[in-house]
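Visitor: coords below, sequence missing:
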């Protein structure tokens, strides 16, 4: 696994993970630029490393955190090239987005819960885009402009909402959140796609408490059957939800 564009680089001899990944900021509403938008301790590769580490077992929280520049943000996956310098292309027929905070200890006290539920920052609106165009932009060569991508799936206002089991109010800079955002929730989406692409990117249009200009994703999984994927979750405590759209 090779990380493109962040200070923290993780290299693994893992045949299940290919290509380059990055978390970058926008250059207006319909274009990205190659400027890193992620927290230094929570770079893009943490959305693709196939694990979500519960902090209760002594590991650091494992998610990508966008926080620089404001929405939209772009989470990019490039399958790269093979040994013959040919593009590696995959047909993605489904994908998953997993929320941060998958650790049951967060439910042990109201204080823990209040802290956690106020900082899940799950994405709520986004587009899954794909392209085979390359024009020299960025490390992997993916284009910046939305116009050069095909929109495979679009989601609007999909809030991972659960009514509060106990009285709980979560505050941000200008608003409050009167529901529980489920930590570790896995949202799954089937898409109608028969084209193999090299570049896939998640254009994140909004997240919970959007005024804070933050978004966290613990795992972004691109899947084509069971044979090829970028992201597979290994986790002890998780909640699942199937969605279509």
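Guide: Cool, got the structure. As the structure is a computational prediction, the values presented were derived from the model and not from experiment.

Visitor: doesn't residue 147 fall inside a helix?
Guide: Yes. Under DSSP: H, G, I helix; E, B strand; the rest coil, residue 147 sits within a helix.

Visitor: Check residue 242 and give its pLDDT.
Guide: Residue 242 is assigned 38 on the pLDDT scale.

Visitor: ok, now which ones touch residue 120?
Guide: 99-101, 160, 181-183, 208, 216 (C-beta atoms under 8 Å, 6 or more residues apart in numbering). Glycine gets a C-beta too; all of them are placed from N, C-alpha and C.

Visitor: Quick check on those: which are buried?
Guide: The neighbour count (16 or more other C-beta atoms under 10 Å) marks 99-101, 160, 181-183, 208, 216 as buried among the contacts of residue 120.

Visitor: Out of these, name the ones that lie in strands.
Guide: Counting by DSSP state E, the buried ones among the contacts of residue 120 place 181, 216 in strands.

Visitor: biggest separation within the buried ones among the contacts of residue 120, which pair?
Guide: Farthest apart among these by C-beta to C-beta are 182 and 216. That separation is 13.1 Å.

Visitor: residues shared between the contacts of those two?
Guide: 99, 120.

Visitor: returning to that earlier point: kindly reformat the contacts of residue 120 as a markdown table containing distance to residue 50 and pLDDT.
Guide: Formatted as a markdown table, the contacts of residue 120 follow (distance: C-beta to C-beta, whole Å; pLDDT from 0 to 100):
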| residue | distance to residue 50 | pLDDT |
| --- | --- | --- |
| 99 | 16 | 89 |
| 100 | 16 | 86 |
| 101 | 18 | 77 |
| 160 | 21 | 78 |
| 181 | 23 | 74 |
| 182 | 21 | 76 |
| 183 | 19 | 77 |
| 208 | 25 | 89 |
| 216 | 17 | 94 |
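
Visitor: residue ranges with poor pLDDT in the protein?
Guide: 1-19, 53-60, 102-118, 135-140, 162-180, 225-245 (pLDDT under 70).

Visitor: Quick check: residue 32 is in a helix.
Guide: No. Assigned with three-state DSSP, residue 32 falls outside any helix and is strand.
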